[in-house]
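Participant: missing the sequence, but the structure's below:
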């Protein structure tokens, strides 16, 4: 007897249907806006990687300057001599007085054939971070 009453109760059908359609519409619009914005996931990951690497290099500099280690990062780290190159990423460190400046740059060539870059390097994204240890 109770099952027949549940099947005949249709008071919430219209509101639930409108709620489901509304949620579907909002999610569809959000996905469509991300699609038309043209955000490239690869470039976003590279940008996050640059920031993480710069913070890692800062930690390494602070480690070498700690009283327990007491070394000069300028002499130990190749970041300050010739920089660090990882594919299309270049990291360069400079000491200006007491302040350290670390720059991370992502570049691409004008044309790439078979994995080799041809032409000029174009800077796509660059981060400059300065700190005093």
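Facilitator: Arrived safely, thanks for sending. What you see is a predicted model, and the numbers here were worked out from it, not measured in a lab.
Participant: ok, residue 73 - how many residues close by?
Facilitator: Residues lying near residue 73 (other CB atoms under 10 Å) number 20. C-beta here means a position set from N, CA and C on the backbone, and glycine is covered the same way.
Participant: Surely it touches residue 64?
Facilitator: Yes - in this structure, residue 73 is within contact of residue 64 by CB atoms under 8 Å, at 4.5 Å.
Participant: Which residue ranges of this structure form helices?
Facilitator: Taking DSSP state H, the helices of the chain run over residues 2-8, 13-37, 41-65, 73-76.
Participant: who wins for proximity to residue 92 among those helices?
Facilitator: helix 41-65 (10.3 Å; CB to CB).
Participant: ok, back up a step: out of the helices of the chain, which is closest to residue 106?
Facilitator: Comparing the helices of the chain under CB to CB, the one sitting nearest is helix 41-65, at 5.5 Å.
Participant: so where is the protein shaky, pLDDT-wise?
Facilitator: The chain contains residues with pLDDT under 70 at 1-12, 39-40, 115.
Participant: thinking again about what came up before, can you tell which of the helices of the chain is closest to residue 122?
Facilitator: Per CB to CB, nearest to residue 122 of the helices of the chain: helix 41-65, 13.0 Å.
Participant: Which other helices and strands does the closest one contact?
Facilitator: Helix 41-65 makes packing contacts with helix 73-76, strand 89-96, strand 99-113, strand 116-131 when contacts are defined by 3 or more CB pairs under 8 Å, 6 or more residues apart in numbering; DSSP states H and E.
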